[in-house]
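In: Turn this into a structure:
(chains A and B)
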Amino acid sequence: MSSDSKSIVRTRFAPSPSGHLHVGGARTALFCWAYARQHGGKFILRIEDTDQKRSSDAASVGFLRDLKWLGIEWDEGPEFVDRDGSRCGGGAYGPYFQSQRLDLYTKYLQQLVREGKAYYAFDTAAELDAQRKAAREAGRNYRYDRTAATSLSAEQVQRRRDAGEPAVIRFRLPDEPIVIRDEILGEATIPAEQLDDFVICKADGFPTYHFAVVVDDELMQVTHVIRAQEHFMNTARHLRLQEALGFRRPVYAHLPLIFNPDGSKMSKRDKDKALRAAVRSMGVPPVERAGGEVASISADTFAAWLKDKDRQLEFDEANALSEALGVPLPEINVDDFRRSGYLPEVLINYLALLGWNPGGDVEKFDKAFLVERFSFDRVMKGPAKFDRAKLLAFNHDAIQALSTEEFVRLFRAHCAEFHPEFIEHLTPEHFDLLAAANHKRSKTLDDQVRSSRFFIDGDESITYDAADKNLRKVMCAGEPTGRAHLEALLPILQGVSDWSVATLEQAISAYVQQHAGGNLGKVAQPLRIAISGTTISPAIYETLTILGCDATLRRMRRCIEAFACV
RNA sequence: GACCCCAUCGUCUAGCCAGGUCCAGGACACCAGGUUUUCAUCCUGGUAACACGGGUUCAAAUCCCGUUGGGGUCGCCA
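Out: You can find the predicted model right below:
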């Protein structure tokens, strides 16, 4: 620990293992990263996997990909190689998985026990639960009573441990109020009675979060702890532990929480909540509708899930059900937003703005700006609600600011990953034309995908609802009717030799001039219905070009038949 | 319940720390007109907030106290 290393800023993002990065975590990581960059320091990623109930295999750190996608790159931490070959991680202070640092923790744990600053305790979980419950029923605040544990002699402790009796190690908390200094929240004094002798080593030998954090932050020379506000009270514990171990005290900054618009915590469970609400509002149990199985979910699983609020469907199941019901899932994780076609720089911008702002009226900015201007004194103290409408508006602006070439490139990459069928079913030229035609009407990279399905579906799968009032009006009202226009257009389009935007425009606009009073809508709308079954499509010449001559004519004929217009 | 923190339009927020220039500014949403071959856009205009009550002061959104409201924490989770 050289003296010059003390002056360099080192921040860390320390999530527990997960396949997906939550937006709240993403923002924490972003601020940690920005602060380190601003000061020419290091941003460290550490995996807090001291809970053996959570696995730590490769899939469990799938969120690394999300971090990388956002452009938040870590200087030290788990090694990660992106698809483009760029890498992140490594470093001299590893390992960066806490589960691989057990010997380190044990050393400090023993030190505290030796010094009498910590002690073994043999209470069972059931006993503790009972005590908490009793305190609660008596209207008292529960505090762990250390007398039983600390009255044990060293020999007694040793004997019981040798006999294999499970034991935890608890920290003997000094009986003094604790002052927390926080860069965002200011100073707070926590009365000693609010804390008790917390567990620092579990019965399985793993340190608890509190202990591992304190040891690792010291050993990794972390200078600034930037984390969510839910950790604020924990800081008191960490401060005490640092004092007991003779460690340095990092600077603390606690970020406000992010909520749903309704004030509830943004959670993975929100997806299941949305699906359950949709299923209920539809009345008919989809299990029956789909013949006992919904979207590959067995009837039993489905019924159990529907009843139990705490139950969550698997990732694929939820997606399949969402697709089957036509109910969009709320985006919660970073990869949800990626799938929904948000640009990483937009998500970064919006997330940064949720709880921080540069002052004045500036709200659109990039990472470089954030690195330059970020400061703790402009971080909000209270929680913020996540407003998807505003995020969408930001994304819309960013998409519109893209050149068409750039949009086409991004849209192709998006489809390659999430909708490969568009690339498979269209020629490269037609795919590009579709992308370009959709650019101006896109708010995300994904929002035109659903409405573009008719381009790649077979002609027979286009259905015409002759009872639909709006469709009927377009097809059958007026003189000539839309249907009549289609019939008249049939031979004209059949005669178009080189089927392209230019030739179609020429042929159709000539027809419109002569037979529709120059009103393109009179002709374009029936055509849209014919080819898509709806009145919605990209610009009509591009649409027909992409679809091709044969399919266009076939659909027109089918449409003419479908609308009799008595 | 105890402890800690917070409080400006529906939402995110500027302004507050160094009180007057704020009958409070921006963005998103919403509403009304207009443009547009559909959808989506786009343009113009509009509605909308200093939680409440006391102080301090010539003057308070800005400072102080209280009330109310919101959030966090109270695990062998992190």
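In: just how off-centre is stretch A:160-167 within its chain?
Out: Distance of stretch A:160-167 from the chain centroid (C-alpha atoms, centre = their mean, to the nearest Å) equals 44 Å.
In: pLDDT weak spots in the stretch 451-566 of chain A?
Out: By pLDDT under 70, the stretch 451-566 of chain A contains no weakly predicted segment.
In: and it, which residues reach RNA strand B?
Out: Within the stretch 451-566 of chain A, the positions near RNA strand B by C-beta under 7 Å from any atom of the strand are A:520, A:521, A:524, A:525, A:528, A:535, A:536, A:537, A:538, A:539, A:540, A:541. C-beta coordinates here come from the backbone N, C-alpha and C atoms, glycine included.
In: Excluding chain neighbours, what is closest to the third one?
Out: If I follow you right, that is residue A:524. Here the nearest residue to residue A:524 in space, its sequence neighbours aside, is residue A:540; by C-beta to C-beta, 6 or more residues apart in numbering that works out to 4.4 Å.
In: looking at it, that neighbour is touching residue A:526, isn't it?
Out: No. Under the contact definition of C-beta atoms under 8 Å, residue A:540 does not touch residue A:526, with a separation of 10.4 Å.
In: Of these two, which one has the most company?
Out: In this view residue A:540 and residue A:526 are compared by other C-beta atoms under 10 Å, and residue A:526 has more residues nearby, 27 against 21.
In: is it fair to say the more buried one lies in a helix?
Out: Yes. When classified by DSSP: H, G, I helix; E, B strand; the rest coil, residue A:526 is found to be part of a helix.
In: contacting residues for it?
Out: For residue A:526, the contacting residues are A:474, A:475, A:482, A:483, A:485, A:486, A:559, taking C-beta atoms under 8 Å, 6 or more residues apart in numbering as the criterion.
In: neighbours around residue A:413, how many?
Out: Using other C-beta under 10 Å, residue A:413 has 11 neighbouring residues.
In: wait, residue A:430
Out: Residue A:430 has 17 neighbours, counted by other C-beta under 10 Å.
In: Can you tell me the element it falls in?
Out: With the criterion set as DSSP states H and E, the secondary-structure element containing residue A:430 is helix A:428-439.
In: That helix - contacts with which helices or strands?
Out: The criterion is 3 or more C-beta pairs under 8 Å, 6 or more residues apart in numbering; DSSP states H and E, and the helices and strands that helix A:428-439 contacts are helix A:404-418, helix A:420-425, helix A:540-547.
In: can we see that at 7 Å?
Out: Secondary structure elements in contact with helix A:428-439, counted by 3 or more C-beta pairs under 7 Å, 6 or more residues apart in numbering; DSSP states H and E, are helix A:404-418, helix A:540-547.
In: Can you pull the residues of the stretch 51-200 of chain A lying near RNA strand B?
Out: Those residues of the stretch 51-200 of chain A that sit near RNA strand B, judged by C-beta under 7 Å from any atom of the strand, are A:51, A:54, A:123-125, A:128, A:132, A:139, A:141-142, A:166, A:168, A:185-191, A:193-194, A:198-199.
In: And the residue of chain A found nearest RNA strand B, how far from residue A:25?
Out: Closest residue of chain A to RNA strand B, C-beta to the nearest atom of the strand: residue A:48 (2.6 Å). For residue A:48, the distance to residue A:25 equals 12 Å [C-beta to C-beta, to the nearest Å].
In: hey, what's the most centrally placed residue in chain A bridged with?
Out: Centroid-nearest residue in chain A, with C-alpha atoms, centre = their mean: residue A:333, separated by 1.3 Å. Partner residues in beta bridges with residue A:333, using DSSP bridges, are residue A:22.
In: From what I see, it and residue A:18 are in contact.
Out: No. Between residue A:333 and residue A:18 no contact is recorded; they are 8.8 Å apart, counting by C-beta atoms under 7 Å.
In: just to revisit the earlier point, ok, and which of the helices and strands packed on helix A:428-439 has the densest surroundings?
Out: helix A:540-547 (a mean of 23; mean count of other C-beta atoms under 10 Å).
In: Which helix or strand lies directly C-terminal to that helix?
Out: Using DSSP H and E, the first helix or strand after helix A:540-547 is helix A:549-562.
In: Which neighbouring elements make contact with that next one?
Out: Judged by 3+ C-beta pairs under 7 Å, 6+ apart, the packing partners of helix A:549-562 are helix A:482-494, helix A:521-532.
In: what's the closest of the ones you listed to residue A:450?
Out: helix A:521-532 (11.9 Å; C-beta to C-beta).
In: Dump the C-alpha coordinates for the closest one into CSV.
Out: What follows is the C-alpha trace of helix A:521-532 in CSV, where atoms were taken according to Å, rounded to 0.1, in the frame of the first residue of the first chain:
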residue,chain,number,x,y,z
GLY,A,521,-55.1,8.3,-49.8
LYS,A,522,-58.1,7.0,-51.8
VAL,A,523,-55.8,4.5,-53.4
ALA,A,524,-53.1,3.9,-50.8
GLN,A,525,-55.6,2.9,-48.1
PRO,A,526,-57.3,0.1,-50.1
LEU,A,527,-53.8,-1.1,-51.1
ARG,A,528,-52.7,-1.2,-47.5
ILE,A,529,-55.7,-3.2,-46.6
ALA,A,530,-55.1,-5.6,-49.4
ILE,A,531,-51.5,-6.3,-48.6
SER,A,532,-51.5,-6.2,-44.8
